[in-house]
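Trainee: give me coordinates for this.
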Amino acid sequence: MKQTAGPVTITIKVLLTLLYGIPLFWILLTSFKSSADVMSTQSSIFFRPVTTAYVEAFNGELFTALGQSVAIALGTTALTMLIAIPAAYGLARTSGYITTIGLGLLIVFQMMPQTANVIPLFQLFGKWSMLDSVLGVVVADTALLAPFAIILLRPFFRGVPPELEEAASIDGSGMLRTFFSIVLPIARNGIFTAGTLVLLMSWGEFLYAVNFFLSPGSYPLSALLSQQVSAFGINWPGLMALAVLTSIPVLIVFSSTYKLLRDGLTVGAVK
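Mentor: A predicted model of the protein is given here:
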């Protein structure tokens with residue numbers, strides 16, 4: 001029998017929708033205003049929409065930044081998952097004080113503020129000639145997001161019955177073959193969930209991008225937004241138009257993977 005949502009649940013959903021929906025609506029609204037309408041109290045809701053901000057936003061700099069963002073997001077996701085999957089599996093299949101210490105260190109790394117890593121990483125990347133390159137930002141983002149991915153993936157690997165691996169071993173399957181043919185397919189929902197979240201977070205990462213790219217012409221979309229703020233003021237329509245354009249890929253990814261993300265996070269929380 002299907003249960004209907006109570007008034008409290010409906011009220012909470014309405015409040016959350018308004019809480020998150022109104023700012024997004026206001027961003028979209030502002031992106032279609034002229035600079036004069038942004039500052040006019042008489043044009044808060046009713047105004048003559050213009051597409052000037054979008055026309056100015058569509059230039060070579062935008063497409064360069066888009067390419068940088070795609071490269072950083074995909075590179076970070078691939079490298080993070082390459083590290084997190086075996087690490088999470090190892091922590092899921094071992095026990096004792098070593099595992100406890102490892103999990104504790106991961107939590108400590110998660111609690112460390114990102115700003116504390118900027119100067120040491122800048123000096124290190126300067127020695128390795130990795131400044132002003134996509135590779136440097138990818139490595140920095142991977143170091144930031146790998147602990148999160150490992151902690152998220154570990155419950156999914158713990159949910160894989162060890163008996164299946166033992167049975168495969170008895171049948172003559174090697175460790176790597178067992179891992180790729182049995183463990184990964186069973187834990188694919190968690191792997192997909194972690195990979196999607198890493199992709200979304202690396203897409204919007206700002207601090208490393210703006211510090212490790214030395215030339216503004218190499219900025220990704222997240223850093224390109226900051227250029228709308230200058231000593232002469234803030235270009236509000238341009239800023240909001242770029243915010244809308246930057247959010248479109250995230251919206252597409254989130255909408256197409258929402259069900260898998262919801263199921264994956266729910267299973268991970270239960271385990």
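Trainee: my guess is Val50 contacts Phe32, does it?
Mentor: Yes: using CB atoms under 8 Å, Val50 is in contact with Phe32, at 6.4 Å. The C-beta positions use only the backbone N, C-alpha and C, and glycine is treated the same way.
Trainee: quick one: which of the two has more around it?
Mentor: Between Val50 and Phe32, counted using other CB atoms under 10 Å, the more crowded position is Phe32 (19 against 15).
Trainee: what sits closest to the more buried one if chain neighbours are left out?
Mentor: Pro49 (4.1 Å; CB to CB, 6 or more residues apart in numbering).
Trainee: so the nearest residue to Arg158 once chain neighbours are set aside, which state does it fall into?
Mentor: With CB to CB, 6+ apart as the measure, Ala92 is the residue that lies nearest to Arg158, at 4.4 Å, once sequence neighbours are left out. Under the three-state scheme (DSSP: H, G, I helix; E, B strand; the rest coil), Ala92 adopts helix.
Trainee: show me what contacts Ala92?
Mentor: Residues near Ala92 by CB atoms under 8 Å, 6 or more residues apart in numbering: Arg154, Pro155, Phe157, Arg158, Val160.
Trainee: filter those residues down to the ones in helices?
Mentor: Per DSSP state H, helices hold the following members of the contacts of Ala92: Arg154, Pro155, Phe157, Arg158.
Trainee: what's the neighbour count on the last one?
Mentor: The burial metric for Arg158, expressed as a neighbour count using other CB under 10 Å, is 15.
Trainee: mind listing the helices for the stretch 51-200 of the chain?
Mentor: Remark: helices assigned in the stretch 51-200 of the chain by DSSP state H, counting those that start in this stretch are 52-57, 60-93, 97-111, 115-127, 134-158, 162-170, 175-178, 184-186, 188-203.
Trainee: the ones you listed: which one's closest to Ser255?
Mentor: helix 188-203 (11.7 Å; CB to CB).
Trainee: which other helices and strands does the following helix or strand past the closest one contact?
Mentor: Next along the chain after helix 188-203, taking DSSP states H and E as the criterion, comes helix 207-212. With contacts taken as 3 or more CB pairs under 8 Å, 6 or more residues apart in numbering; DSSP states H and E, helix 207-212 sits against helix 115-127, helix 134-158, helix 221-224.
Trainee: could you rerun that using 10 Å?
Mentor: Applying 3 or more CB pairs under 10 Å, 6 or more residues apart in numbering; DSSP states H and E, we find helix 207-212 packed against helix 60-93, helix 115-127, helix 134-158, helix 221-224.
Trainee: list the buried residues of the first one.
Mentor: When burial is assessed from 16 or more other CB atoms under 10 Å, helix 60-93 yields the following buried residues: 62, 64-66, 68-69, 72-73, 75-77, 79-81, 83-85, 87-89, 91-92.
Trainee: next one: the last one
Mentor: Of the residues in helix 221-224, those buried under the neighbour-count criterion (16+ other CB under 10 Å) are Leu221, Ser222, Ala223, Leu224.
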